[in-house]
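Novice: Attaching a predicted model along with its sequence, questions to come.
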Amino acid sequence: MKALQALFNIRETYIGIFVTIAFQLIFFTIWMTAYDGINDRAENLTIGIISDDSSVGQEVINGLKESLPFATKDFTSIEQAEKDLNQRHINMIIHIPADFSAQIQAGAEANIIYSINQANASLAKTMMESVAKQATEEVNHSLYPLQQGEIIKTFSQQFSQLPLEQNTALKIQDTVATTIMSVKDQTVKSTIIKTNEVKGFAANFVPLMVIISSFVGAMVMIMQHQQAAEIVQHTVSKWSLFFARQLVNIAVAFILPLLTIGLMHLFSISSAENFFTIYFFQAFMFWAFLCLAQVFVIVFGNLGMVFNICALSLQLVTSGVLVPNAMLSDFYHRLASLLPATYGADGYYTIIFGGSSESLRNNSSSLAIIIAVTLVIASIAVALKKSKIEQNPSVPSLQQ
């Protein structure tokens, strides 16, 4: 009992219990509210549509636009559509080839080509594959009567050319049998092209794993540095301490990528990007995480860890790794643009799966802006605080 009483006489015991409760409350609240109504916002996903066939193919496209529960974007060039798909501006391409009408009219099997970018949120990829199968079934259902009509038309032309002889009935019977047998209930087949696909199931989880490990590591590091800062704040000036912490942050941020890249090679996670591209992107991402975690503890002290717990949960649900940002509510969608995990995840999709290098540059620029803004806020907070060394001049230094 004395040990128990001694524990509860220490403030840190209550802080530990409080943090445990806070984790439960924060994670449940954020995750449940962020993902509530996800299916109702499926229309925020965009499918690119292009038809090289101006006859039956265009009719198919018009029908799909009315039936698909997603936003659609028309393209006149397959190259532009593939560029938008590669940059994750659209989630899938539905392409009607130029010979679509000719195949239908000839009674042959026509083809619809679906392209799905694998460098995307897991939910989006699953939904697009399901949509591709469903769309093909709907097209088959709608084109079956059309193909029947085309064949009946062909049969009528054949019938009009038949001579009026005794064997006419037999020829008509043979022609009708041949015509009916040529009609297929599966007029259209689908071809699904998975762009930016990588081998290995584990590779799909690299963006999520990197986000979690980097920010949780940043949280723990900043928490420990804050405790160390409280110990030495009476012996050094506030600005010396602040700049020293920034130097440590920068050093760790630019050393950690070596470990990250080494682990990726160890577990055979390949990338089309070169070493320096991955190195500097990971460094900027971790530096941004450190600056975000740091600004809360500098402004709010130990209470800032509660804000970091919120930041962790918010970044996991808004990063676009599990659920596309487009399917989140307006509040969480806007919030995602302010958090570094959004740009970190998007960048790692390009690193792991491939894509546009321009996307990496844009994400790096956004991370740099977050670093600059958080450092300015932290500097203002330090400037407004009174120096502990001035308030406690008689406190001996650690060397004494």
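Specialist: Received, thanks.
Novice: what residue ranges in the stretch 51-200 of the chain are flagged as low confidence?
Specialist: 107, 144-186 (pLDDT under 70).
Novice: Please determine how far Ala135 is located from Ile17.
Specialist: 53 Å (Cβ to Cβ, to the nearest Å). For glycine as for every other residue, the C-beta is placed from the backbone atoms N, C-alpha and C.
Novice: more crowded one of those two?
Specialist: Residue environment comparison for Ala135 versus Ile17 gives the larger neighbour count to Ala135, 22 against 11, counting by other Cβ atoms under 10 Å.
Novice: how about the spatially most central residue of the chain, secondary structure?
Specialist: Within the chain, the residue whose C-alpha comes closest to the C-alpha centroid is Gly320; the distance, by Cα atoms, centre = their mean, is 3.3 Å. The local conformation at Gly320, judged by DSSP: H, G, I helix; E, B strand; the rest coil, is coil.
Novice: Could you give the backbone dihedrals for it?
Specialist: Summarising the backbone geometry of Gly320 under the convention degrees, to the nearest 10, its torsions are phi 90, psi 10.
Novice: for it, what are its contacts?
Specialist: With contact set as Cβ atoms under 8 Å, 6 or more residues apart in numbering, Gly320 has these partners: Ala121, Ala336, Thr342, Ala345, Asp346.
Novice: Take those residues and lay them out in CSV including neighbour count, secondary structure and distance to Thr374.
Specialist: Compiled in CSV, the contacts of Gly320 are given as follows (neighbours: other Cβ atoms under 10 Å; DSSP: H, G, I helix; E, B strand; the rest coil; distance: Cβ to Cβ, whole Å):
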residue, neighbour count, secondary structure, distance to Thr374
Ala121, 24, coil, 26
Ala336, 21, helix, 17
Thr342, 23, helix, 15
Ala345, 26, helix, 19
Asp346, 25, helix, 19
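Novice: Minimum pLDDT in those, which residue is that?
Specialist: Least confident by pLDDT among these: that is Ala121, with 87.
Novice: Apart from its neighbours in sequence, what residue is nearest that residue?
Specialist: Residue nearest to Ala121 in three dimensions, not counting chain neighbours: Pro324, with 4.6 Å by Cβ to Cβ, 6 or more residues apart in numbering.
Novice: Can you show me the strands along the chain?
Specialist: 46-51, 71-74, 92-96, 110-117, 188-195 (DSSP state E).
Novice: rewinding a little: ok, now how distant is the residue nearest to the centre of the chain from Ala34?
Specialist: Gly320 sits 12 Å away from Ala34, taking Cβ to Cβ as the criterion.
Novice: Quick one: the helices in the stretch 101-250 of the chain, in order.
Specialist: When assigned using DSSP state H, counting those that start in this stretch, the helices of the stretch 101-250 of the chain occupy the ranges 122-160, 168-182, 206-232, 238-266.
Novice: Any chance of CSV for the ones you listed, columns distance to Ile90?
Specialist: Shown next, in CSV, are these (distance: least, Cβ to Cβ, whole Å):
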stretch, distance to Ile90
helix 122-160, 10
helix 168-182, 37
helix 206-232, 19
helix 238-266, 29
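Novice: Roughly how far does Ile61 sit from Ala71?
Specialist: Summarising the geometry, the distance separating Ile61 from Ala71, computed by Cβ to Cβ, is 15 Å.
Novice: which of the two has more neighbours?
Specialist: Between Ile61 and Ala71, counted using other Cβ under 10 Å, Ile61 has the larger neighbour count: 19 against 15.
Novice: Now for the residue lying closest to the more buried one once chain neighbours are set aside, how many residues are close by?
Specialist: The spatial neighbour of Ile61 that comes closest, neighbours along the chain excluded (Cβ to Cβ, 6+ apart), is Ser51 at 4.7 Å. Ser51 is flanked by 24 other residues according to other Cβ under 10 Å.
Novice: low pLDDT regions in the stretch 251-400 of the chain?
Specialist: Judged against pLDDT under 70, the low-scoring parts of the stretch 251-400 of the chain cover residues 390-400.
Novice: Now for the nearest residue to Gln226 once chain neighbours are set aside: which residues touch it?
Specialist: Of all residues not flanking Gln226 in the chain, Val297 sits nearest, at 4.6 Å (Cβ to Cβ, 6+ apart). In this structure, Val297 makes contact with Ile222, Met223, Gln226, Gly304, Met305, Asn308, judged by Cβ under 8 Å, 6+ apart.
Novice: cool, and Thr72?
Specialist: Thr46, Ile47, Gly48, Ile49, Leu64, Lys65.
Novice: redo that, cut-off 7 Å
Specialist: Ile47, Ile49, Lys65 (Cβ atoms under 7 Å, 6 or more residues apart in numbering).
Novice: Show me how to select, in PyMOL, the buried members of these.
Specialist: To isolate the buried ones among the contacts of Thr72 in PyMOL, judged by 16 or more other Cβ atoms under 10 Å, type:
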select buried, resi 47+49
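Novice: before we move on, the earlier item: let's have the strands of the chain in CSV, adding distance to Ile250.
Specialist: What follows is the strands of the chain, written out as CSV (distance: least, Cβ to Cβ, whole Å):
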stretch, distance to Ile250
strand 46-51, 39
strand 71-74, 42
strand 92-96, 41
strand 110-117, 35
strand 188-195, 37
